[in-house]
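# based on what follows, work out the 3D shape:
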Amino acid sequence: MLVPSIFGRDMFDDFYGDVFGNCKTTDLMKTDVKDTEKAYELTIDMPGVKKENIKAELKDGYLTISATSGYSNDDKDNDGKYIRRERHYGSCSRSFYVGDAVTQEDIKAKFENGTLKLTIPKKDEKPAIENKNYIQIEG
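Modelled structure (predicted):
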């Protein structure tokens with residue numbers, strides 16, 4: 001469906017843009033996932049985010065990448081008063097299921113020029129062994 005755009009913003013940005021908290025999917029954390037022979041490679045765009053404001057957590061088979069970005073809330077600087085500021089403070093996170101076999105040590109991450117690159121090796125999930133607990137029947 002085509003949505004009308006006014007000054008580069010969709011008409012429904014104000015209604016649907018903050019569905020994921022302060023994270024607008026069109027602005028932050030655009031992600032490419034590449035499937036290679038031995039690993040998955042994620043490339044996540046994070047413009048304006050500093051390395052120290054990025055967190056990566058692996059829990060219950062889910063890799064969650066969180067980021068915060070922002071500016072000082074001062075309305076005035078040494079040169080004068082701002083009339084309009086279009087940069088904002090916010091946070092965003094994305095989660096990816098990587099499986100229970102992947103450990104924190106397996107994942108490699110590098111942040112450079114506003115782009116986070118992660119390499120997640122493919123691991124074979126061990127099939128769950130079905131434990132049959134039989135009850136002894138006397139008689």
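# tally of neighbours for S93?
Burial measure for S93: 15 neighbouring residues, criterion other C-beta atoms under 10 Å. From N, CA and C alone the C-beta is placed, and that goes for glycine too.
# tell me which element it falls in.
In this structure, S93 is located in strand 90-97 according to DSSP states H and E.
# who does that strand pair up with?
Looking at strand 90-97 with DSSP bridges, its paired strands and their directions are strand 62-69 (antiparallel).
# for stretch 100-119, C-alpha coordinates in CSV please.
Extracted C-alpha coordinates of stretch 100-119, given in CSV (Å, rounded to 0.1, in the frame of the first residue of the first chain):
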residue,chain,number,x,y,z
ASP,A,100,20.2,-22.5,22.5
ALA,A,101,23.4,-24.1,21.2
VAL,A,102,25.1,-20.7,20.5
THR,A,103,27.1,-19.3,23.4
GLN,A,104,28.2,-15.7,24.1
GLU,A,105,31.8,-16.6,23.2
ASP,A,106,30.7,-17.9,19.8
ILE,A,107,29.4,-14.5,18.7
LYS,A,108,31.8,-11.9,17.2
ALA,A,109,30.9,-8.3,17.1
LYS,A,110,32.6,-5.2,15.6
PHE,A,111,31.3,-1.6,15.5
GLU,A,112,32.7,0.8,12.9
ASN,A,113,31.5,4.0,11.2
GLY,A,114,27.9,3.7,12.6
THR,A,115,27.6,0.0,11.6
LEU,A,116,27.5,-3.0,13.9
LYS,A,117,28.6,-6.3,12.3
LEU,A,118,27.9,-9.6,14.1
THR,A,119,28.9,-13.1,13.1
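# count of residues packed around the nearest residue to D45 once chain neighbours are set aside?
Taking C-beta to C-beta, 6 or more residues apart in numbering as the measure, D45 lies nearest to K30, with 4.5 Å between them; neighbours along the chain are not counted. Look at K30: counted by other C-beta under 10 Å, it has 13 neighbours.
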